[in-house]
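Trainee: heads up, no residue letters with this:
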């Protein structure tokens, strides 16, 4: 089995390409899958509780099932395990398994061009005006 080493520098250059350059295909596909998960993932009602550090857990109320799997809260991990067999979660996991995989080629370029997010045109600053 071969293993590729990816530096943090290379990762950030792929995720945040310079304006006007082509975006890597794996980044486009990862964004597509993340958007699909955010739109379709079933929600679980999470009661208020403390995480492993003793502070209030970030997952309270209606939380997407996929967000229950995080390393700083055993309660959320247990809740995810307890709801894994829920019919809507089973159906969602089956649908996710059928989706096309994200390419493993880290060099392939997509047809999408990185936008110019200069500070004056950034959506957050535009909204503030």
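Mentor: Looks like it arrived, so ask away. In this text, all values refer to a predicted model and were calculated from it rather than measured experimentally. Residues are numbered from 1 along each chain as shown.

Trainee: count of neighbours near residue 93?
Mentor: Residue 93 has 14 neighbours, counted by other Cβ atoms under 10 Å. Any C-beta I mention is one placed from the backbone N, CA and C, and that applies to glycine too.

Trainee: which other residues reach the one helix or strand it maps to?
Mentor: Counting by DSSP states H and E, the element that carries residue 93 is helix 87-98. Contacts with helix 87-98, where a contact means Cβ atoms under 8 Å, 6 or more residues apart in numbering, come from 37, 40, 41, 42, 65, 83, 84.

Trainee: go again using 6 Å as the cut-off
Mentor: Residues outside helix 87-98 that contact it (Cβ atoms under 6 Å, 6 or more residues apart in numbering) are 42, 65, 83.

Trainee: now residue 89: how far from residue 35?
Mentor: 19 Å (Cβ to Cβ, to the nearest Å).

Trainee: please disregard the earlier target; I meant residue 22.
Mentor: 20 Å.

Trainee: and residue 82, by the same measure?
Mentor: Counting by Cβ to Cβ, the separation of residue 82 from residue 35 is 27 Å.

Trainee: what of residue 105?
Mentor: 21 Å.

Trainee: just residue 118 next, same as before
Mentor: Residue 118 is 24 Å from residue 35, where distance means Cβ to Cβ.

Trainee: and for residue 83?
Mentor: Counting by Cβ to Cβ, the gap from residue 83 to residue 35 is 23 Å.

Trainee: between those two, which has more neighbouring residues?
Mentor: residue 83 (15 against 10).

Trainee: for residue 43, list the residues it contacts.
Mentor: 62, 64.

Trainee: if you set the cut-off to 8 Å instead, what comes out?
Mentor: Per Cβ under 8 Å, 6+ apart, neighbours of residue 43: 62, 63, 64, 65.

Trainee: low-confidence ranges, this structure, go.
Mentor: 1-3, 119-122, 125, 128-129 (pLDDT under 70).

Trainee: now the helices: where do they sit in it?
Mentor: Taking DSSP state H, the helices of the chain run over residues 8-15, 25-40, 74-83, 87-98, 123-128.
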